[in-house]
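> I would like to see how this sequence folds:
(chains A and B)
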2 protein chains.
Amino acid sequence: MSKDMLKEILELPKQIKEGLELAGKTKIRGEINNILICGMGGSGIAGDILKDVYTKKPVYIVKNYFIPEFIGKNTLAFIISYSGNTEETLSAYKEALKKKCRVIVITSGGKLLKLAKKKRNKIIKVPKGFVPRTALAYLFFPILKILYNSKLIKNFDEDIEDLLNILKIEEFKNKAKDLAGCLLNRVPLIYTSNKFEAVALRWKTQFNENSKVYAYYNVFSELDHNEVVPYYRRNRDFFVILIEDDEDYYKIRKRMEITKRFIARNTDTVELEVFGETPLAKIFATIHLGDLTSYYLAIKRKVNPVSTKIIEDLRRELGYPV
Amino acid sequence: MSKDMLKEILELPKQIKEGLELAGKTKIRGEINNILICGMGGSGIAGDILKDVYTKKPVYIVKNYFIPEFIGKNTLAFIISYSGNTEETLSAYKEALKKKCRVIVITSGGKLLKLAKKKRNKIIKVPKGFVPRTALAYLFFPILKILYNSKLIKNFDEDIEDLLNILKIEEFKNKAKDLAGCLLNRVPLIYTSNKFEAVALRWKTQFNENSKVYAYYNVFSELDHNEVVPYYRRNRDFFVILIEDDEDYYKIRKRMEITKRFIARNTDTVELEVFGETPLAKIFATIHLGDLTSYYLAIKRKVNPVSTKIIEDLRRELGYPV
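Below is the predicted model:
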């Protein structure tokens, strides 16, 4: 537990470049009807991000032991487990093989690496030794490169350039420290538009794991139909983080504007405009800010951002490697 | 606002029968590759339920203004808006028509009914005058019947019989009152297995709208990978409701058992076993219990379960019929 999470988070630009290189010339030939991504927690989030950036074909995210019935040989299946020992992902992997999916395994080791070698699957081997949830760029960017190599997406050099520029310029650390200060002794609630659902989910899970706090998220405009109701009363337990993009659909922007006004009457609220020009840069730069905020909130709360004791206890009781 | 929500909730068996009759002989001919369900809030939840019961083909749920790019003429699209005036659903409806989906409209009136008549779409016209979220059976059961008429699912008489029997036998009202008592001044958190995700979502939104309380949900086993972390400390603000099924996959059951032990050390927790034998009965009987619980919690909190003032204010500011 001596790992330096801050250092790992700040190495994001390096991780992005190395993540892209890890894919090399890996590609899938032939017809692909849909994409399956199997992975839990900090590995599975790569699937949520892909779903927000790749909209041409169906992307099915499986956070479970089983894969859908309709998945088959024209499915490109990414099986992602940083540790390689996640039991749900190992189970889903075996199902994907049975259904003759076009499997690509992304892992740093464990049982999954052993099995994938034996089965001669295509493997993206990511570096060992990271806190799994800070290895996100190693897990995600190879997927993007493989989709490009397989002619499923067009060149995305511009997106990467945009992202790397923002990560250089923006004052992420100071913004994150300020925000973490606001969140002390509060339950963060992250609200954003549908297209940033993966970002909101990532912020939530990073608050859970790094800061050890309860946190929840929801998206516009669905939240206007139910979750918004209790905000008619004063509430000082929650703190609402509204993640906005001036390129959101104008009706969503209008809804966010009105909803924010209602919420902010009774609940402390902060608005964050996403950075960057391209969708991919917006997603990853905003994830980066969330990662840092959750780290600084841990420090302010005097908890170890790396340790997730209950998860380790759970794994021990379930009888698999911690 | 003089509507009697309790009466409407307790009429569920009648609604189920009438909902099935509403579909009549409506069917879709020809090849169907996938199902699209467009609807927000209490209408959209019909899609979440279908996704949990119908697993043969992809079910895409759209809670948004837009539908996915890959949707086309072999898509069976259910467009659901109880009021018929939900702007997101009207927008998604127009997109579904443009993409030449096989459209079926489910509504009680409004603009959607007018447009659907003009376009000569297949229409399921549900009774007017209900609180939209208590008309769920009218919105959901026609879908099931239409899938049966279209030979996409097999006969489900047994499921309906099971469901109607449970609704007769079980002491729903007393269980709901007891549970509502536990939830006073607490934030309900609903946890269950993947296969009951729609149930958990429904409980959450009913707590929001009927009881006017914050409420959140998550599913196993994903929650074991992040949301569980903060439970190492004492917490009296939250109240965890674990919805269990003895037919859950054994590894999920084991996880739920261990996780419950960890959570219950520091947070008040109640376990609920789903009623019924068939998946459909389990889902609807458990939804019924949640509907009643949210109603009694509203009464205990001395709030009007029918009124959702912020949502109405929002609609007024957005400039559409309240």
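> Quick test: name the residue nearest the centre of chain A.
A:I45 (3.6 Å; C-alpha atoms, centre = their mean).
> quick one, what contacts it?
By C-beta atoms under 8 Å, 6 or more residues apart in numbering or on different chains, the contact set of A:I45 is A:39, A:136, A:198, A:201-202, A:205. The way it works is simple: take the backbone N, C-alpha and C, and place the C-beta from them, glycine included.
> Let me see the mean pLDDT of whichever strand or helix holds it.
Using DSSP states H and E, A:I45 falls within helix A:41-53. The average pLDDT for helix A:41-53 rounds to 97.
> what do you get for stretch A:114-133?
Stretch A:114-133 shows a mean pLDDT of 97.
> Tell me the span between the first and last residue of that stretch.
The first and last residues of stretch A:114-133 sit 22 Å apart, counting by C-alpha to C-alpha, to the nearest Å.
> in what helix or strand does A:W203 lie?
For A:W203, the host element (DSSP H and E) is helix A:197-206.
> Return the list of helices and strands in contact with that helix.
With contacts defined as 3 or more C-beta pairs under 8 Å, 6 or more residues apart in numbering or on different chains; DSSP states H and E, helix A:197-206 has these neighbours: helix A:41-53, strand A:187-193, strand A:216-220, strand A:235-244, helix A:279-300.
> so how far is the last one from its chain's centroid?
Centroid separation for helix A:279-300 versus its chain: 11 Å, with C-alpha atoms, centre = their mean, to the nearest Å.
> list the buried ones in it?
A:279-299 (16 or more other C-beta atoms under 10 Å in any protein chain shown).
> Might you list the low-confidence residue ranges for chain A?
A:1-2, A:321-322 (pLDDT under 70).
> in it, which spans are strands?
A:34-38, A:59-62, A:75-81, A:102-107, A:122-125, A:187-193, A:216-220, A:235-244, A:267-273 (DSSP state E).
> Could I get the CA-only coordinates of the last one as PDB?
Coordinates of each C-alpha in strand A:267-273 appear next as PDB, following Å, rounded to 0.1, in the frame of the first residue of the first chain:
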ATOM      1  CA  THR A 267     -28.500  22.400  -2.200                       C
ATOM      2  CA  ASP A 268     -24.900  23.500  -2.700                       C
ATOM      3  CA  THR A 269     -24.100  23.100  -6.400                       C
ATOM      4  CA  VAL A 270     -21.000  23.700  -8.600                       C
ATOM      5  CA  GLU A 271     -21.000  23.800 -12.400                       C
ATOM      6  CA  LEU A 272     -18.000  22.500 -14.300                       C
ATOM      7  CA  GLU A 273     -17.600  23.100 -18.000                       C
END
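> and it, which strands flank it?
strand A:235-244 (parallel) (DSSP bridges).
> List the contacts of the strand it pairs with.
A:179, A:182-183, A:186-193, A:196, A:199-200, A:203, A:253, A:256, A:260, A:263-264, A:266-274, A:286, B:214, B:237.
> okay if I get the contacts of A:I45 as JSON lines plus neighbour count?
Output for the contacts of A:I45, formatted as JSON lines (neighbours: other C-beta atoms under 10 Å in any protein chain shown):
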{"residue": "A:G39", "neighbour count": "27"}
{"residue": "A:L136", "neighbour count": "27"}
{"residue": "A:A198", "neighbour count": "23"}
{"residue": "A:L201", "neighbour count": "21"}
{"residue": "A:R202", "neighbour count": "27"}
{"residue": "A:T205", "neighbour count": "25"}
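> and of those residues, the nearest to chain B?
Nearest to chain B among these: A:T205, at 4.0 Å, using C-beta to the nearest C-beta.
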